[in-house]
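1. have a look at this prediction, sequence included:
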Amino acid sequence: MLAERLNEVNAAIAAAASKAGRDPAAVKLVAVTKTVGLDQIRQAIALGLHDFGENRLQEARAKVDAFPDQSWHFIGHLQTNKVKEVLPRFALIHSLDSFRLAEALQHWGERLDRYVNVLVQVNVAREKGKYGLDPGELPDFLTALRAMTRIKVRGLMAMAPWVEDPEEARPVFRGLRLLQQQCSVPDMQLEHLSMGMTNDYRVAVEEGATIVRVGTALFGPHG
């Protein structure tokens, strides 16, 4: 089943990229392994998947430690008291959303002598109660990050509101792409746009996503 689902997702990414005149190879598929067991992850690796996403450190520990050679993405809200444990385990943090978190990442980057690859999370839809910077805060935030030498900003991340019709999410993805184009900060390349999940990743790819975070479409509703 996983092999069939993976083929379907890859085909959908390729079709969406082609529709937008993009190279499908420019889109990275991150398999979200929340609620997914080690056997399924092992199967996914055998099928050629090597990028995996987790949103809670407590659940991720055993998986990352079992498969340390894979590329792990932290895609959930990151609390400052979890930074020390997250940094050694994850190749990319998708959810930098506050100056306080940036300070913690810089601090532990120095303490652990490592650079921290991050995406800045933006609340493009301005949903109340949701994480992410207000779009208007982004330019000054990126400028402030230049002083934090251990933090390497690789791009932006957004989560669209869940909607029945994925087309309704298009303005959010388009908005993030426009922010990427508008925010020019010296010595900072916003190369990645992490946007799109199972319900709307096709639309996200059409709007320029370079990373899509897909779980249910690969592993089923309960992993």
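-> It's in.

2. pretty sure G53 sits against V36.
-> No - G53 lies out of contact with V36 (CB atoms under 8 Å); the separation is 10.4 Å. Heads up, the C-betas are built off the backbone N, CA and C, glycines and all.

3. now for the two: what residues contact both?
-> Common neighbours of G53 and V36, using CB atoms under 8 Å, 6 or more residues apart in numbering, are G215.

4. so for the two, which sits in the more crowded spot?
-> G53 (26 against 23; other CB atoms under 10 Å).

5. list the neighbouring strands of the host helix or strand of that one plus their orientation.
-> Assigned by DSSP states H and E, G53 belongs to strand 51-54. Strands adjacent to strand 51-54 in the sheet, as given by DSSP bridges, are strand 28-32 (parallel), strand 71-74 (parallel).

6. CSV for these, including distance to G220?
-> As requested, the strands paired with strand 51-54 are exported to CSV (distance: least, CB to CB, whole Å):
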stretch, distance to G220
strand 28-32, 12
strand 71-74, 20
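
7. which one of those strands lies closest to Q189?
-> strand 28-32 (15.9 Å; CB to CB).

8. which SSE is immediately downstream of the closest one?
-> Sequence order places helix 38-46 as the next helix or strand after strand 28-32, per DSSP H and E.

9. orientation of that next one relative to strand 28-32 in degrees?
-> 170 degrees (axes from the mean of the first three to the mean of the last three CA atoms, to 10 degrees).

10. what's in contact with helix 38-46?
-> 2, 6, 31, 33, 52, 62-63, 66-67, 70, 218-219, 223.

11. and the strands in the protein, which stretches?
-> 28-32, 51-54, 71-74, 92-96, 116-121, 151-157, 192-194, 211-214 (DSSP state E).
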